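**Student:** whatever this is, show me its structure:
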Amino acid sequence: MLTRSGDDLFSVTTESPQDAQALANQLRDSGDWLEVIPGIDSVVLQFDAATYDGDDVRQTIESALAAGIEPLQISQSLVEIPVIYGGEYGPDLNALCEKIGLSADDVIALHTGREYTVDMIGFTPGFAFIGNLDERLRVPRRKEPRQRVEAGSVGIADERTGLYAMASPGGWTIIGRTPSRLFDPNAEQPFVLGAGTRVRFTAISADELNG
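**Tutor:** Numbering: from 1, shown residues only. From the prediction side, this is the model:
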């Protein structure tokens, strides 16, 4: 669905996060936009309203949609994310277990037991929204967000895992933390993860981290 969202904005609703990312890439490559911002199931497009007429812009978008969305390129490589679950690294794990009626071992087994794909990057630089969380682990965001969540923290909310590349405020249920460096400002690609990256979580102990 295509919607005029402001004097210089259009919003396109998509059927999936993969479609949103693919459409954003497609439209961004055309160079016609001031901003192309993909969301979980939508893309917001900002155009130069002083130069382009809104009706002409609408026709441009409709033509692109009619031509079809090219499939998002899913990474062929698999990024393994080691995670220390519980304790000081996953302060919400015990409360989560009580809420959903599973043991910590059950939660860890479910979380590490499948492969995921990063749906989108957003919220803060490098923050990864990772879909397809097991239904038994799905809980809403915390009522009171924390003022600071450490970099590398692994949180869950609704149907997704959220991976914090940088420290920030946040309201996700934090079940663990990875020692992997997800953000390196000196690297050619500063962030390890991007939309379409395949991810699998593996459980490690604090002893493994310190050893």
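**Student:** is it true that Val43 touches Arg28?
**Tutor:** No. Taking contacts as C-beta atoms under 8 Å, Val43 lies outside contact range of Arg28: 9.4 Å. The C-beta positions use only the backbone N, C-alpha and C, and glycine is treated the same way.
**Student:** need the residues touching each of those two.
**Tutor:** Shared contacts of Val43 and Arg28 (C-beta atoms under 8 Å, 6 or more residues apart in numbering): Val36.
**Student:** so these two - more neighbours on which side?
**Tutor:** The residue with more neighbours, out of Val43 and Arg28, is Val43; 24 against 16, by other C-beta atoms under 10 Å.
**Student:** the helix or strand where Ile108 lies: which residues count as buried?
**Tutor:** Here Ile108, judged by DSSP states H and E, is contained in helix 104-112. Neighbour-count burial for helix 104-112 flags 104, 107-108, 110-111 (criterion: 16 or more other C-beta atoms under 10 Å).
**Student:** before we move on, what about stretch 201-211?
**Tutor:** Under the neighbour-count criterion of 16+ other C-beta under 10 Å, stretch 201-211 has 201, 203 buried.
**Student:** residue nearest the middle of the protein, spatially speaking?
**Tutor:** Centroid-nearest residue in the chain: Phe129, 1.7 Å away (criterion: C-alpha atoms, centre = their mean).
**Student:** pretty sure that residue contacts Tyr116?
**Tutor:** No. Applying C-beta under 8 Å, one finds Phe129 not in contact with Tyr116, separated by 10.3 Å.
**Student:** would Ser180 count as being in a strand?
**Tutor:** No. With DSSP: H, G, I helix; E, B strand; the rest coil as the criterion, Ser180 is located in coil rather than a strand.
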